[in-house]
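Enquirer: Compute the structure for the input listed below.
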Amino acid sequence: MADCPFALKKNTNCDLIGLHLCRFYFLKLDIVESTTSTRRMDKLDKTLITSLLLAGLFSIAFSDTWKATVTERLDALVTSCVVVPCSFSHPGKPLPSSKLRGIWHISTKRDDVVFNEDHTKILDEYKGRTRMLGLLGQNNCTLEINDVKDHDNGPFCFRIELVKSEGEKFSFVEDCVDLTMKHSPPEIQLYPSTTALEGKAYTATCKVRHTCPSFRPKLSWSRGKADQILERHEQLSPGNWMMESVLTFILEEKDDHSELNCTAVFHGGKTTTKTLPLYIKRAANYKNIIIPIVVLIVTAGVIGLVSALIVKKYKQRIIELQSQEGSVWNRMSRLSRRFRSNAPPSRSRQRENVAEQKIFKARVPSPKSKPKSNNYQEDHDDDDYQNTADLNIYGNV
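Expert: Numbers count the residues shown, from 1 in each chain. Have a look, this model is predicted:
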């Protein structure tokens with residue numbers, strides 16, 4: 001028998017349609033061989049051609065609309081869990097979950113099933129660790145793998161079957177997910193949102209990425225109360241999530257040069273911690289400057305006023321005490337003047353005194369200029385006495 005030109009691959013949505021096309025094809029051959037009636041042949045040709053065209057169009061439309069969307073690559077923390085986002089679409093009206101059966105298997109090995117509603121068909125190493133999070137009736141085929149092992153790297157592919165319909169199975173082997181095994185938890189992002197000022201509100205933010213939204217990481221702080229912490233969980237991209245915790249508290253002087261710690265505890269028990277040092281800037285306090293200055297000014301003013309009142313009140317009395325002879329005040333005044341007079345003069349004063357002495361000192365004749373004594377005689381033959389009156393005095397005696 002000749003080969004059927006409409007033969008299709010197994011396990012595709014076109015198996016039944018191809019089977020019907022082949023039946024029409026061989027039926028035509030039998031009719032051509034068994035009849036010689038031209039009129040009957042023409043009727044069969046028209047019917048057969050119309051059926052083949054309709055079947056072909058239906059086959060093309062049916063096969064092009066079954067699609068699945070699966071995240072291609074995700075990180076998976078060993079001992080934690082990983083959630084693989086998955087969705088699919090199909091032609092026609094929505095189908096209830098009861099008429100659909102979702103299966104996850106390892107790559108092209110369709111018998112190596114990691115999830116099936118019939119747990120007896122699941123591989124032993126995956127039993128009790130996998131489940132379907134979404135509803136097939138809502139076109140959601142999301143897979144969760146719990147207690148991740150270091151060999152759960154995949155790739156994992158999705159297949160859907162129509163219940164009570166033989167041969168209608170749709171495998172999406174071109175849309176699979178690869179898992180990258182991580183033995184250490186991701187690093188925490190810890191940073192301040194405000195400047196550290198004493199007496200002011202201080203805000204710090206702690207973030208960590210993960211791929212297990214079913215069991216979120218728990219973030220805790222080394223200080224702070226529950227009403228000072230705000231948490232947020234958001235999706236960054238399909239399969240990747242961010243857990244965030246924001247702490248706000250008032251800084252005190254004792255917090256300077258201390259540490260603020262944020263710890264993340266992941267599902268499965270693994271933890272990681274990040275430390276943020278605190279260096280507090282003391283805000284300028286003008287009260288510490290203004291108050292002492294005001295107190296000093298007021299004190300000086302009070303002292304000056306009191307002193308002025310005392311002097312004014314006892315000024316006359318002080319003058320009387322100073323004028324009284326023999327009074328203590330008078331003796332103290334004289335004693336003070338005496339000390340000042342006996343005090344050695346300063347260098348400048350000494351120089352002034354020496355200069356004055358040089359100016360006002362009388363000239364004293366030298367010993368050579370004094371007249372000779374009468375007992376000492378010397379011949380002066382050549383002396384010329386101009387004043388002879390003096391000589392006559394001694395001659396008349």
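
Enquirer: max-length strand in the protein?
Expert: As assigned by DSSP state E, the longest strand anywhere in the chain is strand 169-182.

Enquirer: Give me the buried positions along that one.
Expert: Buried positions in strand 169-182, judged by neighbour count with 16 or more other CB atoms under 10 Å: 169, 170, 171, 172, 175, 176, 177, 179, 182. Backbone N, C-alpha and C define where each C-beta goes, glycine included.

Enquirer: would you turn the residues you listed into CSV with pLDDT and distance to residue 158?
Expert: CSV is the format used below for these (pLDDT from 0 to 100; distance: CB to CB, whole Å):
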residue, pLDDT, distance to residue 158
169, 76, 12
170, 78, 9
171, 76, 8
172, 80, 5
175, 86, 7
176, 92, 8
177, 93, 9
179, 95, 14
182, 95, 23
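
Enquirer: which of these lies closest to residue 228?
Expert: Of all the buried residues of strand 169-182, residue 228 sits closest to residue 182, with 31.7 Å by CB to CB.

Enquirer: That closest one contacts residue 75, doesn't it?
Expert: Yes: judged on CB atoms under 8 Å, residue 182 makes contact with residue 75 at a distance of 5.3 Å.

Enquirer: quick one: low-confidence parts of the chain?
Expert: 1-64, 165-167, 283-288, 318, 320-397 (pLDDT under 70).

Enquirer: Tell me which stretches of it form helices.
Expert: In the chain, the segments counted as helices under DSSP state H are 15-34, 38-64, 287-323, 328-342, 347-360, 389-396.

Enquirer: surely residue 256 meets residue 279?
Expert: Yes: counting by CB under 8 Å, residue 279 is a contact partner of residue 256 at 6.8 Å.

Enquirer: the more surrounded of the two?
Expert: residue 256 (14 against 9; other CB atoms under 10 Å).

Enquirer: Check the gap between residue 219 and residue 275 for me.
Expert: 14 Å (CB to CB, to the nearest Å).

Enquirer: swap in residue 65?
Expert: With CB to CB as the criterion, residue 65 and residue 275 are 54 Å apart.

Enquirer: follow-up on the earlier one: just the buried residues of strand 169-182 now: which is nearest residue 111?
Expert: Once CB to CB is applied, the member of those that ends up nearest residue 111 is residue 171, at 12.2 Å.

Enquirer: which residues does the closest one contact?
Expert: Contacts for residue 171 (CB atoms under 8 Å, 6 or more residues apart in numbering) come out as 11, 110, 157, 158, 159.

Enquirer: in the sheet, who's paired with it?
Expert: residue 159 (DSSP bridges).

Enquirer: Now do it against residue 192, distance only.
Expert: From residue 171 to residue 192 the distance is 51 Å (CB to CB).

Enquirer: And for residue 74?
Expert: 31 Å.

Enquirer: ok, those two, which is more surrounded?
Expert: residue 74 (19 against 13).

Enquirer: I figured that one hits residue 180, correct?
Expert: Yes: applying CB under 8 Å as the test, residue 74 and residue 180 come out as touching, 7.2 Å apart.

Enquirer: Go ahead and confirm residue 97 touches residue 137.
Expert: Yes: Residue 97 is in contact with residue 137 according to CB under 8 Å; the separation is 3.7 Å.

Enquirer: Show me where the stretch 151-300 of the chain has its strands.
Expert: 156-162, 169-182, 189-192, 201-210, 218-221, 229-237, 240-250, 258-265, 271-278 (DSSP state E, counting those that start in this stretch).

Enquirer: Name the strands paired with the fourth one and say parallel or antiparallel.
Expert: Applying DSSP bridges to the sheet, strand 201-210 is found paired with strand 189-192 (antiparallel), strand 240-250 (antiparallel).

Enquirer: quick one, that strand and strand 258-265 angle?
Expert: 30 degrees (axes from the mean of the first three to the mean of the last three CA atoms, to 10 degrees).

Enquirer: So for strand 201-210, what gets flagged as buried?
Expert: Buried-residue list, strand 201-210, by 16+ other CB under 10 Å: 202, 204, 205, 206, 207, 208, 209, 210.

Enquirer: For the fourth one, which non-adjacent residue is closest in space?
Expert: If I follow you right, that is residue 206. Take residue 206 and drop its neighbours on the chain: the residue closest to it by CB to CB, 6 or more residues apart in numbering is residue 262, 3.7 Å away.

Enquirer: Please apply the same query to the first one.
Expert: Spatial nearest neighbour of residue 202, excluding adjacent residues (CB to CB, 6+ apart): residue 251 at 4.8 Å.

Enquirer: for residue 91, same thing?
Expert: Closest to residue 91 by CB to CB, 6+ apart is residue 65, at 3.9 Å.

Enquirer: these two touch, right, the one you found and residue 170?
Expert: No: contact criterion CB under 8 Å: residue 65 and residue 170 do not qualify, at 10.4 Å.

Enquirer: Is residue 87 in contact with residue 140, as I believe?
Expert: Yes: using CB under 8 Å, residue 87 makes contact with residue 140 at a distance of 6.0 Å.

Enquirer: shared neighbours of these two, anything?
Expert: With CB under 8 Å, 6+ apart, residue 87 and residue 140 have common neighbours residue 134.

Enquirer: Residue 228 versus residue 157, what's the distance?
Expert: Taken as CB to CB, the span from residue 157 to residue 228 is 47 Å.

Enquirer: more crowded one of these two?
Expert: residue 157 (24 against 15).
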